[in-house]
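A.B. asks: Sequence and computational prediction follow.
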Amino acid sequence: MNWIKKHFEILIGYLLGTMNMILGIFIIVNHKQISHFKDVDINKMHMYSFFDFINIYSFELIKLLSHYINQFTLLSGVLFIVIGGAFFYVSRKLRQTTLYDKVIAQVYLLFGGLLYIITSILIFEMYGFYALLYLLFFISVVYYTLNRKRLNTHFRKLHINILIFIYALAYFMTQLAVYDNLNEEKVTPLDVMTLNFFFILLVLLATLCLVNYVFLKRTLVKASDHMKRTEKKRDSKISRMIRENTNMTINRLSEESLKLDEKVVLMMQRCSLRKLINLQDEDIPSWFKYPRWIKAFHIELLLSSLLFIITVIELNNRNMLFEATKFNVVKMQYFYEWINLFGMLLIIIMYIYFTLMIHFRSRGYFGQLFTISFLMIKVIVSFYLMLFKGINLSLFIPPILILLLLIQLPLYIIHLQKRY
């Protein structure tokens, strides 16, 4: 594990190089099918084994590539192989010397941005103009990566929550669009599942590029210990004054040169209703207070265990899917649901893991924020589709969906109240 951490930025380069080379070879091998693509009736597609599943995904990738590179297929394949070789060369240089770290960092930043743009183009056909919301999210991620040093380190939770909100907006609008397309039979569940797979893959690769950029920039720009201490003291002082939110601190803050996020938090404090509602502890009835021996950790563990049990039961109900010896791709909706449930189960397990890490080691706050936010977004979107669109394509039946929402809401509120 220590070896992986030490060579992480090099391994990312090798991974990117391998992925590009595999894609290049795939394009060259299937260049005739991509150039002269002929669609196949979905009713004729069946899955007998795992290899049939891979073949179906390969067919969908050929179909996707035929929309964009059918005029210059071989050239595109060679280009991807060259890009893959370039990443191997870059990783080798990183292993040998630190002289080119600045240039390599810029390369990773540019390639990550390029992958985000390519992702937005790929999903445009499925989501239409709503794909621009994902582009806005990608631009926000790149902007935050470039400017995070200019923001107050004590407001990292606010920064991440803003990014999550933009993602939630993009996810919400695109899901409305894709389910409308499914109802009108403009797309099939197979198209949606395939596009989601490539979307996740490209976003992960682009994010790894940004991670490498941040790591390499951190090794290049080494501020002195005195400067670091001064900046930390300054950020801590400003954040404390903003939290106090008294007339004296507001007057003192007006004399300070505030960062962008500090101005936003100060404006939120001024618009807060807490000053108008002066609720004291004795104003709350004793029957409304939960016992002091019950900790937030106990509630988190109990409710997340319920989420785990419900998801496992739903997943088990769909395991009959794999007992069939012959599976028609027309019924891919069931497999799409199984994949979504399995992914949701993994996220719940990760949430429980981060909850335990926070309690025992005081680490994993952002991991818990990402996981509970994703679960909330998933359930809220499904609930909206069921309630206002009448679309019964969610992973759970309506009563279970409402139960999940009631379970996740306290978990989300508990996390937002944490300071880190």
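C.D. replies: Arrived safely, thanks for sending. Numbering: from 1, shown residues only.
A.B. asks: Listing request: residues of the stretch 251-400 of the chain with sub-threshold pLDDT.
C.D. replies: Applying pLDDT under 70 to the stretch 251-400 of the chain picks out residues 251-257, 270-290, 319-334, 336, 389-395.
A.B. asks: residue boundaries of the helices in it?
C.D. replies: All helices of the stretch 251-400 of the chain, identified by DSSP state H, counting those that start in this stretch, fall at 260-270, 296-317, 332-361, 365-384, 398-416.
A.B. asks: and if you look at the stretch 101-250 of the chain?
C.D. replies: Under the criterion DSSP H, counting those that start in this stretch, the stretch 101-250 of the chain contains helices at 101-127, 131-147, 156-183, 189-220, 225-244, 247-254.
A.B. asks: between those helices, which gets nearest to Ile347?
C.D. replies: helix 189-220 (12.7 Å; Cβ to Cβ). Just so you know, the C-beta spots here come from the backbone N, C-alpha and C atoms, and that holds for glycine as well.
A.B. asks: report the angle between the axes of that closest one and helix 156-183?
C.D. replies: 160 degrees (axes from the mean of the first three to the mean of the last three Cα atoms, to 10 degrees).
A.B. asks: quick one: helix 189-220 to chain centroid distance?
C.D. replies: 9 Å (Cα atoms, centre = their mean, to the nearest Å).
A.B. asks: which strands and helices sit next to that helix?
C.D. replies: Judged by 3 or more Cβ pairs under 8 Å, 6 or more residues apart in numbering; DSSP states H and E, helix 189-220 is in contact with helix 8-29, helix 50-66, helix 101-127, helix 131-147, helix 156-183, helix 332-361.
A.B. asks: what would these look like in a markdown table with distance to Phe37 and mean neighbour count?
C.D. replies: Shown next, in a markdown table, are those (distance: least, Cβ to Cβ, whole Å; neighbours: other Cβ atoms under 10 Å):
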| stretch | distance to Phe37 | mean neighbour count |
| --- | --- | --- |
| helix 8-29 | 13 | 18 |
| helix 50-66 | 4 | 16 |
| helix 101-127 | 14 | 18 |
| helix 131-147 | 22 | 17 |
| helix 156-183 | 21 | 17 |
| helix 332-361 | 20 | 17 |
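A.B. asks: Could I get the contacting residues of the nearest residue to Asp101 once chain neighbours are set aside?
C.D. replies: Counting by Cβ to Cβ, 6 or more residues apart in numbering, Leu216 is the residue found nearest to Asp101 once chain neighbours are left out, at 5.0 Å. With contact set as Cβ atoms under 8 Å, 6 or more residues apart in numbering, Leu216 has these partners: 9, 101-102, 104-105, 108.
A.B. asks: Equivalent analysis for Tyr384, please.
C.D. replies: Listed by Cβ under 8 Å, 6+ apart, the contact partners of Tyr384 are Phe172.
A.B. asks: at 6 Å what do you get?
C.D. replies: If you count contacts by Cβ atoms under 6 Å, 6 or more residues apart in numbering, Tyr384 has none.
A.B. asks: circling back to that earlier point, of all the helices of the stretch 101-250 of the chain, which one is nearest Gln368?
C.D. replies: Using Cβ to Cβ, these put helix 156-183 closest to Gln368, at 11.0 Å.
A.B. asks: Distance from that closest one to the middle of the chain?
C.D. replies: Relative to the chain's own centre, helix 156-183 is displaced by 10 Å; criterion: Cα atoms, centre = their mean.
A.B. asks: now stretch 11-24
C.D. replies: Here stretch 11-24 is found 21 Å from its chain centre; the criterion is Cα atoms, centre = their mean.
A.B. asks: same deal with stretch 65-72?
C.D. replies: Its chain's C-alpha centre and that of stretch 65-72 lie 28 Å apart, by Cα atoms, centre = their mean.
A.B. asks: Output that stretch in PDB with nothing but the alpha carbons.
C.D. replies: Output of stretch 65-72 as PDB, limited to C-alpha atoms (Å, rounded to 0.1, in the frame of the first residue of the first chain):
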ATOM      1  CA  LEU A  65     -17.800   5.800 -32.100                       C
ATOM      2  CA  SER A  66     -19.600   5.600 -35.500                       C
ATOM      3  CA  HIS A  67     -21.300   8.900 -34.700                       C
ATOM      4  CA  TYR A  68     -18.100  10.800 -34.300                       C
ATOM      5  CA  ILE A  69     -15.100   9.200 -36.100                       C
ATOM      6  CA  ASN A  70     -16.600   7.200 -39.000                       C
ATOM      7  CA  GLN A  71     -14.800   9.400 -41.500                       C
ATOM      8  CA  PHE A  72     -11.300   9.100 -40.000                       C
END
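A.B. asks: Next, the buried residues of that stretch.
C.D. replies: For stretch 65-72, burial by neighbour count (16 or more other Cβ atoms under 10 Å) applies to 65-66, 69.
A.B. asks: same deal with stretch 196-214?
C.D. replies: 196, 198-199, 202-203, 205-214.
A.B. asks: And for that stretch, what's in contact with it?
C.D. replies: By Cβ under 6 Å, 6+ apart, stretch 196-214 touches 9, 12, 105, 108-109, 111-112, 115-116, 119, 123, 145.
A.B. asks: again, only this time at 7 Å
C.D. replies: Contact with stretch 196-214 is made by 9, 12, 16, 19, 105, 108-109, 111-112, 115-116, 118-119, 122-123, 145, as judged by Cβ atoms under 7 Å, 6 or more residues apart in numbering.
A.B. asks: so which of these comes closest to Asn317?
C.D. replies: For these, with Asn317 as the reference and Cβ to Cβ as the criterion, the closest is Ile123, at 30.5 Å.
A.B. asks: pretty sure the closest one is in contact with Val192, am I right?
C.D. replies: No. Assessed by Cβ atoms under 7 Å, Ile123 is found out of contact with Val192, at 10.6 Å.
A.B. asks: quick one: which of the contacts of stretch 196-214 is nearest Glu300?
C.D. replies: Comparing the contacts of stretch 196-214 against Glu300 with Cβ to Cβ places Thr145 closest, at 30.2 Å.
A.B. asks: how near is that closest one to Phe199?
C.D. replies: Thr145 sits 20 Å away from Phe199, going by Cβ to Cβ, to the nearest Å.
A.B. asks: likewise Ala105?
C.D. replies: For Ala105 relative to Phe199 (Cβ to Cβ), the value is 26 Å.
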